[in-house]
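Participant: What follows is a protein structure lacking sequence information:
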């Protein structure tokens, strides 16, 4: 029973040697740029902070069926979420009014969602499939936005490095900068490939964007509910880990 409630919380000598002074300045700028680029390029490496989590892919059955979300699917998804949250909010209100054990009185969110789907005349399995697709598209949208932000940042740094290389007279510094430029171009090519792949689902992402406000409102509502449940459990003295 405890598990049921818990899952709701769902960087001198310049006058004597002016040429070397300019070379040293260029090299110092190169080192500075490398330090900055290392942070940006690290964001492109798998498993490091700044790299968006890969989006889960549809199941083989969904691919075979060519199944995609429709506006009606999104309306159903939102309706079920609203009804499920309303039921939990009502149960929590009763609990706080009359007293009781939140572990026993509050059902798992997924259970309430299935019940809400049935109450709306929908197949709970269809709702689960819609929910999985929405989750995948939300992750994909995050990847798209992060990829665009990183691409813009890398492009600005590429242009700055190209200007710096044009003004560099020292061969070693120029070679060093060219290596950094090559790395940047490689990462930009990878990002362009990823964005082309994501572009194949623009129609689905645009559909998701149409309901973004409603989804954000529901998430905020769910977060508030989860906070209230935690407070109720703390007030009852019941351990959150349960039996």
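Facilitator: Arrived safely, thanks for sending. Here the structure is a predicted model, which means the values were calculated and not measured.
Participant: Now do the contacts for residue 175.
Facilitator: When the contact criterion is Cβ atoms under 8 Å, 6 or more residues apart in numbering, residue 175 has no partners at all. In short, each C-beta sits where N, CA and C put it, glycine included.
Participant: Would you mind measuring from it to residue 182?
Facilitator: Going from residue 175 to residue 182 by Cβ to Cβ, to the nearest Å gives 11 Å.
Participant: what's the following helix or strand after the helix or strand containing residue 186?
Facilitator: In this structure, residue 186 sits in helix 171-199 according to DSSP states H and E. Remark: after helix 171-199, the chain's next helix or strand is helix 202-210, criterion DSSP H and E.
Participant: now the angle between helix 202-210 and the helix or strand following that next one, please.
Facilitator: For helix 202-210, the succeeding helix or strand toward the C-terminus, using DSSP H and E, is helix 212-236. Interaxial angle of helix 212-236 relative to helix 202-210 (axes from the mean of the first three to the mean of the last three Cα atoms, to 10 degrees): 60 degrees.
Participant: name the helices or strands packed onto helix 212-236?
Facilitator: With contacts defined as 3 or more Cβ pairs under 8 Å, 6 or more residues apart in numbering; DSSP states H and E, helix 212-236 has these neighbours: helix 71-98, helix 102-105.
Participant: Please work out which of those helices is packed deepest.
Facilitator: helix 102-105 (a mean of 19; mean count of other Cβ atoms under 10 Å).
Participant: distance between the ends of stretch 111-126?
Facilitator: 14 Å (Cα to Cα, to the nearest Å).
Participant: Not counting residues beside it along the chain, what's closest to residue 141?
Facilitator: Of all residues not flanking residue 141 in the chain, residue 205 sits nearest, at 5.6 Å (Cβ to Cβ, 6 or more residues apart in numbering).
Participant: Kindly state the pLDDT recorded for the one you found?
Facilitator: Reported pLDDT at residue 205 in the predicted model: 88.
Participant: Residue 139 is in contact with that one, correct?
Facilitator: No: the pair formed by residue 205 and residue 139 falls short of the contact definition of Cβ atoms under 8 Å, at 11.1 Å.
Participant: Please enumerate the shared neighbours of the two.
Facilitator: The contact sets of residue 205 and residue 139 do not overlap (Cβ under 8 Å, 6+ apart).
Participant: on that earlier part again, can you tell me which of the helices and strands packed on helix 212-236 the model trusts least?
Facilitator: Across those, helix 102-105 gives the lowest mean pLDDT, at a mean of 74.
Participant: what's downstream of it, the next helix or strand?
Facilitator: Once the chain leaves helix 102-105, the next helix or strand it forms, by DSSP H and E, is helix 109-119.
Participant: What count of nearby residues applies to residue 167?
Facilitator: Other residues near residue 167 come to 11 when the count uses other Cβ atoms under 10 Å.
Participant: ditto for residue 106
Facilitator: 24.
Participant: How much space separates it from residue 82?
Facilitator: Distance from residue 106 to residue 82, by Cβ to Cβ: 18 Å.
Participant: ditto for residue 153
Facilitator: Distance of residue 153 to residue 82, computed by Cβ to Cβ: 38 Å.
Participant: Around the residue nearest to residue 141, how many other residues sit close by?
Facilitator: 15.
Participant: OK, contacts around it?
Facilitator: Residue 205 sits next to 137, 140-141, 144, 198 when contact means Cβ under 8 Å, 6+ apart.
Participant: got JSON lines for the residues you listed, with pLDDT and distance to residue 100 too?
Facilitator: Formatted as JSON lines, the contacts of residue 205 follow (pLDDT from 0 to 100; distance: Cβ to Cβ, whole Å):
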{"residue": "137", "pLDDT": "89", "distance to residue 100": "39"}
{"residue": "140", "pLDDT": "86", "distance to residue 100": "42"}
{"residue": "141", "pLDDT": "86", "distance to residue 100": "40"}
{"residue": "144", "pLDDT": "84", "distance to residue 100": "45"}
{"residue": "198", "pLDDT": "73", "distance to residue 100": "48"}
